[in-house]
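>>> sequence unavailable; structure follows:
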């Protein structure tokens, strides 16, 4: 553990002491522990820090820290989550691998921590977050999409949100409807069934009727008619429009930059691990993923500056939202990072 805990956030005291998942939400630019009953619910206007502790060799713990950025959060809140992630890593001894998670583009590793799915919801702390016991039931519409990793999120409760390509879940007080777009995949439909069980447990005390509604089937069928009645009757729907979230980042030949006082400087020559010098920070740009490497002895303020530099670099390059940023410390490199130095 860090010996300089007095400069770190007290909200992290005691973190990482046993295997499992711990979550903090950024509230007024400070991390606040999230009740376990709220795990899996992520508000689009907020940022979260997720610590996953696993048992390693010899009884030591391994740490992965993810900071999740909601689609409607502010740049300042996102920056706070990134910096607080560095502080948490410092408290854990600097051995954690840090991952940036953007809503809608979460990594498989991040999603694996949650039993069925994560549920991004409209709103956030700034819009007046209410505790679960204060909430009244709200009819919500969700979309499940993705071919390999299926993700779920709340969408506007409006027929214009529906399309032929995805699976939708309409969660009402008495019944949950699964609407299968005619061009949706088997994976999306299967994941939607898992999500429905999650919603039943979360909002219906485990008991609720479920109905499957098939796209392009007559609204005279009982369940189909009930489903469309929530939207004011059968409405025409189309294909899902292509948006910014559909842009897939391209992998490019790795380029190495040194980071000094938050500024990047290109390091020329054939890529080699010998270029990574103790006591320095580096950014390895691989297009679809950007790595930040901290050498031994890097001070907390230098790590924070490097973190900010990486965020600014990705933004300046106008990379897609799904571009990954992974931060790691000398001696705790991931296999994917090491592999970049073996590719010729």
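Thanks, I have it. All of these numbers come straight from a predicted model, not from anything done at the bench.

>>> got the phi and psi for residue 307?
Phi and psi for residue 307, reported as degrees, to the nearest 10, are phi -60, psi -50.

>>> could you measure from it over to residue 101?
Separation of residue 307 from residue 101 (CB to CB, to the nearest Å) stands at 15 Å. To be clear about C-beta, it is placed using only N, CA and C from the backbone, and glycine gets the same treatment.

>>> repeat for residue 266
Distance, residue 266 to residue 101, using CB to CB: 28 Å.

>>> so these two - more neighbours on which side?
The neighbour comparison of residue 266 against residue 101 (other CB atoms under 10 Å) goes to residue 101, with 23 against 10.

>>> how about the nearest residue to that one, chain neighbours excluded?
Counting by CB to CB, 6 or more residues apart in numbering, the nearest residue to residue 101 once its immediate chain neighbours are dropped is residue 68, at 4.4 Å.

>>> what do you get for residue 293?
residue 282 (4.6 Å).

>>> can you give me the neighbour number for residue 249?
18.

>>> ok, now residue 217?
Residue 217 has 12 nearby residues by other CB under 10 Å.

>>> name the nearest residue to it, sequence neighbours excluded.
Nearest non-adjacent residue to residue 217 (CB to CB, 6+ apart): residue 224, at 5.6 Å.

>>> identify the bridge partners of the residue nearest to residue 293.
For residue 282, the beta-bridge partners under DSSP bridges are residue 258, residue 293.

>>> test my guess that it contacts residue 255.
No. Residue 282 is not in contact with residue 255 according to CB atoms under 8 Å; the separation is 10.7 Å.

>>> isn't there a strand covering residue 153?
Yes. Secondary structure of residue 153 (DSSP: H, G, I helix; E, B strand; the rest coil): part of a strand.

>>> can you show me the strands along the stretch 151-300 of the chain?
151-155, 167-171, 175-180, 209-214, 255-260, 263-267, 281-285, 289-294 (DSSP state E, counting those that start in this stretch).

>>> nearest to residue 142, of those?
Closest to residue 142 of the strands of the stretch 151-300 of the chain is strand 167-171 (CB to CB; 4.4 Å).

>>> avg pLDDT for that closest one?
Within the predicted structure, the mean pLDDT of strand 167-171 is 96.

>>> over to stretch 77-90?
Mean predicted lDDT for stretch 77-90 stands at 95.
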